[in-house]
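1. with the sequence up front, the predicted model follows.
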Amino acid sequence: MDWTYSPAPENAAIANLEPTYRPFIDGEFVDGGGEPLKTINPATEEVLAEVGTAAQEDVDRAVAAARRAHDEVWGRMPGAERAKYLFRIARIVAERSRELAVLETLDNGKPIRESRDVDVPTAAAHLFHHAGWADKLEYAGLGPAPKPVGVVGAVIPWNFPLLMAAWKVGPALACGNTIVLKPAETTPLTALVLAEIAAEAGLPPGVVNVLPGAGDVGAAVVGAAVDKVAFTGSTEVGVQIQRRLAGTGRRLTLELGGKAANIVYADAAIDQAVDGVVDGIFFNQGHVCCAGSRLLVQESIAEEFLELLHARVETLRVGDPLDKNTDVGAINSRAQLDRIVDLAAAGDEEGARRWTSSCPLPERGLFFPPTVFEGVEQTMRIAREEIFGPVLSVLTFRTPEEAVAKANNTPYGLSAGVWTEKGSKALWTAQRLRAGVVWANTFNRFDPASPFGGYRQSGFGREGGRAGLEAYLAV
Amino acid sequence: MQVGTDDRSLRRFLHGLPGVDQVGLERRSAVLATRSIKAESKRRAIDLAISMIDLTTLEGADTRGKVAALCAQARRPDPEYPDAPSVAAVCVYPDLAGFAAERLAGSGVGVAAVATAFPSGRSSLDVKIADTRLAVEAGATEIDMVIDRGAFLSGRYAQVYEEIVAIKEVCGDAHLKVILETGELAGYDDVRRASWLALLAGADVIKTSTGKISPAATLPVVQVMLQAVRDWHRLTGEHRGVKAAGGIRSAKDAIRHLVAVNEVAGPDWLTPDLFRFGASALLGDLLRQRRTQLTGHYTSADHIGRA
């Protein structure tokens, strides 16, 4: 029987969308001196809201406010007191989770199921986790009397707007720093609601400042008189930032791109490996820096595995991100969609075999169907470059040594996955993979207690857990 | 499928099946359970679920009166709404199968009888065969047998296999459902092995539970069994069925199972021939939800007749 699920849309009104949003500086929403931007809903390409952006003088003002807040209030406040504010912010995020989830889905295009079940709860969890650290920093094993570093300049991407804001704000504030945060040009809304939540929690003015804008505002934040820069985004921009900060003595952590390998051994739990590979690349439309964009499957099971994989991908529902049954939502921007289309075309050109899910796509909006390339070789662009979209490149291997060699044959080193029922083989492989995070028999799991970060062209520094505090403390 | 039928060959085959990762399996079940089934898709799901029910009474206290009540509702679940479909079958002990067959004659509703020393399965093969024969001769169109869990757990796979083969032979035209009693097996790997063992031996349907042991049907267990029949079909081209029995009491829970059927095995399995619910309380909630969908307001359970 053909059983079609009726539309089950979440109510967009829950987002409490405003017609205009403004920068948040020194505890207030103010008019920015920059040209306002229009943020769109990528599922419809309609304008959601007009957002005021920051000019250079706004950046200077925000940094000065953050400096004053750090020197006079936040940096000298006892950790136990700081914790109260952070707990309060975390509580309000959790209480307003539905609103935040719907707003995130409208602005970003990700399925409501993911913003509701992953982004917002994980953001709240991160804030709760760091609230707990605020009065225990001297026991973090980083030094007997750790001090805040001062003012943090943070620039975050569009793929997990609220979650990335929480990843920066949580540890920065817990450690006694103040922050100037620049959300992505295409997804500024939830960070501005987070600022509103900070104000609602009574956070002293200047501790958190949020400056919407494009790359020029990001460059201004990075170039301002901050003590530490935390950047999550593309490797290209990360390189520019590192070059700019070299020799300034300012601290820097970078969380950049990736081209993660998901290694599936013949002795894996096949059905769960299929699910994990699908989650690894199609979660958040593949807009995930740690996405498992390369499947390395052992040749002896490749044929059966791909048969099951195709069947599983066919069940993914692509469409209205607000529909509770949507698995793959909209591509965040026209520019990103163009990039995905171009790289996929390069895959065709270089001789890989493209397989596309037969799922129907909406008539309007920015969408790309779940796509699997088979017959991909290490030399092809789709095996080397980060596509940042719902496109999986499939390669095969014969021996564990070959799997590791292929997995490591990339300039990146953010994440990897290993699928085997043999514990010793999982450990053997994980020890040899040059990636900051290695998941065994799972993928894309984020826990605030677990450090996340990469090396080589995926950046440096860790976020989350005890290790993540180090970047925000002078020890 | 060619597999040797001695203990050693069966062990080699069953233990060579891919493992089941508990964390991943349960996670997928949890995600499937978030599907939001509304409006027309919900109405269709409710009617489909009703048509898949094996309306069951398996009590020591069962009488003809009790079975008569069940048969009346099985034919016509909600007389105020005659378009409500009838259920798939009525499931009883063998001694009441004849009476149920009389009451259901001409209705299209099947008569299922549990057999083989249900629910424990602790008797000789001769007794199990006689039990089955009694039910078939009384008019049962479907036999729900139990596997010998003691034999399975001690690795005597050939014995389990041979019993299923023997019962299948006695069944003749009657459909054979093989109850794995997953709540007594050692985890999901065992559920997969028992599923394959039953399929190899000729089960038409693999069934989760007797309903006498908790946990009974859970979404992850049913998912593993759906994967088994899906893989069986990929290998042989044959469609075999799954029956989720015990513990499914609400329409919501039933619909979650239908989502799993649809997305794990595939839409081919969305038919009473290939998927069943073994339940007694479920029908009442489905009928309530059905009326809610039609009238727009909730109906008290007492406004619907209950067998």
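-> Received it, and whenever you're ready, just let me know what you need.
2. all strands for the stretch 351-475 of chain A, in order.
-> Here the stretch 351-475 of chain A has its strands, by DSSP state E, counting those that start in this stretch, at A:353-356, A:371-374, A:391-397, A:415-419, A:437-440, A:459-460, A:473-474.
3. deepest of those strands, which one?
-> strand A:415-419 (a mean of 30; mean count of other Cβ atoms under 10 Å in any protein chain shown). Quick note: C-beta positions are derived from backbone N, CA and C, even for glycine.
4. just so I know, which of the strands of the stretch 351-475 of chain A lies nearest chain B?
-> When these are compared by Cβ to the nearest Cβ, strand A:415-419 sits nearest chain B, at 8.6 Å.
5. what sits closest to the residue nearest the centre of chain A if chain neighbours are left out?
-> The centroid of chain A falls nearest to residue A:160 when counting by Cα atoms, centre = their mean (4.3 Å). Distances taken as Cβ to Cβ, 6 or more residues apart in numbering or on different chains place residue A:119 nearest to residue A:160, at 5.9 Å, with adjacent residues excluded.
6. phi first, then psi, for that neighbour.
-> phi -60, psi -60 (degrees, to the nearest 10).
7. ditto for residue A:207
-> Dihedral angles (degrees, to the nearest 10) for residue A:207: phi -70, psi -40.
8. tally of neighbours for it?
-> 26 (other Cβ atoms under 10 Å in any protein chain shown).
9. list the contacts for it?
-> For residue A:207, the contacting residues are A:66, A:69, A:70, A:73, A:74, A:173, A:178, A:179, A:198, by Cβ atoms under 8 Å, 6 or more residues apart in numbering or on different chains.
10. any residue of stretch B:189-202 touching chain A?
-> No - Stretch B:189-202 lies apart from chain A when judged by Cβ under 8 Å from any Cβ of the partner chain; the minimum separation is 9.0 Å.
11. columns mean pLDDT and distance to chain B on top of the strands of the stretch 351-475 of chain A, output as CSV?
-> Shown next, in CSV, are the strands of the stretch 351-475 of chain A (pLDDT from 0 to 100; distance: least, Cβ to the nearest Cβ, whole Å):
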stretch, mean pLDDT, distance to chain B
strand A:353-356, 98, 18
strand A:371-374, 98, 18
strand A:391-397, 98, 18
strand A:415-419, 98, 9
strand A:437-440, 98, 10
strand A:459-460, 96, 29
strand A:473-474, 97, 34
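12. how about TSV for the ones you listed, with distance to residue A:274 added?
-> TSV is the format used below for the strands of the stretch 351-475 of chain A (distance: least, Cβ to Cβ, whole Å):
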stretch	distance to residue A:274
strand A:353-356	15
strand A:371-374	12
strand A:391-397	12
strand A:415-419	9
strand A:437-440	15
strand A:459-460	30
strand A:473-474	42
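13. that older thread, for chain B, see how far away the residue nearest to residue A:160 is.
-> Residue A:119 sits 15 Å away from chain B, going by Cβ to the nearest Cβ, to the nearest Å.
14. can you get me a residue count around that residue?
-> 26.
15. pretty sure it contacts residue A:102?
-> No - assessed by Cβ atoms under 8 Å, residue A:119 is found out of contact with residue A:102, at 11.4 Å.
16. quick one, strands of the stretch 201-350 of chain A?
-> Using DSSP E, counting those that start in this stretch, the strands found in the stretch 201-350 of chain A span residues A:208-210, A:228-232, A:251-255, A:261-264, A:294-298.
17. any idea of the mean pLDDT in the fourth one?
-> Translated: strand A:261-264. The average pLDDT within strand A:261-264 is 98.
18. contact residues of the stretch 151-300 of chain B facing chain A?
-> Counting by Cβ under 8 Å from any Cβ, the stretch 151-300 of chain B sits next to chain A at B:227, B:234, B:258, B:262, B:263, B:266, B:267, B:270, B:271.
19. which pair in the residues you listed spans the largest distance?
-> B:234 and B:258 (21.4 Å; Cβ to Cβ).
20. quick one, helices of chain B?
-> Secondary structure of chain B (DSSP state H): helices located at B:7-14, B:22-32, B:39-51, B:64-75, B:97-104, B:125-138, B:149-153, B:157-171, B:187-201, B:219-236, B:251-260, B:282-295.
21. what is the first one packed up against?
-> Okay, so that is helix B:7-14. helix B:157-171, helix B:187-201 (3 or more Cβ pairs under 8 Å, 6 or more residues apart in numbering or on different chains; DSSP states H and E).
22. which of the ones you listed is buried the deepest?
-> helix B:187-201 (a mean of 23).
23. what comes into contact with that helix?
-> With Cβ under 8 Å, 6+ apart as the criterion, helix B:187-201 contacts B:1, B:3, B:10, B:13-15, B:17, B:19-20, B:22, B:25, B:147, B:152, B:157, B:160-162, B:164-165, B:168, B:178, B:180, B:182, B:185, B:206, B:220-221, B:224-225, B:227-229, B:232, B:240.
24. show the buried residues in these.
-> Buried by 16 or more other Cβ atoms under 10 Å in any protein chain shown: B:10, B:13-14, B:19-20, B:25, B:147, B:152, B:157, B:160-161, B:164, B:168, B:178, B:180, B:182, B:185, B:206, B:220-221, B:224-225, B:227-229, B:232, B:240, out of these.
25. the spatially closest residue to residue A:429 that is not a sequence neighbour and residue A:73: what is the separation?
-> Nearest non-adjacent residue to residue A:429, counting by Cβ to Cβ, 6+ apart: residue A:418, 4.7 Å away. According to Cβ to Cβ, to the nearest Å, residue A:418 and residue A:73 sit 47 Å apart.
26. pLDDT, neighbour count and distance to residue A:113 added to the contacts of residue A:207, as JSON lines?
-> What follows is the contacts of residue A:207, written out as JSON lines (pLDDT from 0 to 100; neighbours: other Cβ atoms under 10 Å in any protein chain shown; distance: Cβ to Cβ, whole Å):
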{"residue": "A:66", "pLDDT": "98", "neighbour count": "31", "distance to residue A:113": "36"}
{"residue": "A:69", "pLDDT": "98", "neighbour count": "24", "distance to residue A:113": "38"}
{"residue": "A:70", "pLDDT": "98", "neighbour count": "23", "distance to residue A:113": "39"}
{"residue": "A:73", "pLDDT": "98", "neighbour count": "15", "distance to residue A:113": "40"}
{"residue": "A:74", "pLDDT": "98", "neighbour count": "25", "distance to residue A:113": "37"}
{"residue": "A:173", "pLDDT": "98", "neighbour count": "28", "distance to residue A:113": "30"}
{"residue": "A:178", "pLDDT": "98", "neighbour count": "30", "distance to residue A:113": "35"}
{"residue": "A:179", "pLDDT": "98", "neighbour count": "29", "distance to residue A:113": "30"}
{"residue": "A:198", "pLDDT": "98", "neighbour count": "26", "distance to residue A:113": "27"}
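27. nearest to chain B among those residues?
-> Using Cβ to the nearest Cβ, residue A:198 comes nearest to chain B of those, at 30.6 Å.
28. can I get the strand or helix carrying the closest one in CSV? Just the C-alpha atoms.
-> Following DSSP states H and E, one finds residue A:198 within helix A:189-200. What follows is helix A:189-200, C-alpha atoms only, in CSV (Å, rounded to 0.1, in the frame of the first residue of the first chain):
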residue,chain,number,x,y,z
LEU,A,189,18.3,35.8,14.1
THR,A,190,18.7,33.2,16.9
ALA,A,191,22.0,34.8,18.1
LEU,A,192,20.0,38.0,18.5
VAL,A,193,17.3,36.2,20.5
LEU,A,194,20.1,34.7,22.6
ALA,A,195,21.2,38.3,23.3
GLU,A,196,17.6,39.1,24.3
ILE,A,197,17.7,36.1,26.6
ALA,A,198,21.0,37.3,28.1
ALA,A,199,19.3,40.6,28.8
GLU,A,200,16.3,38.8,30.2
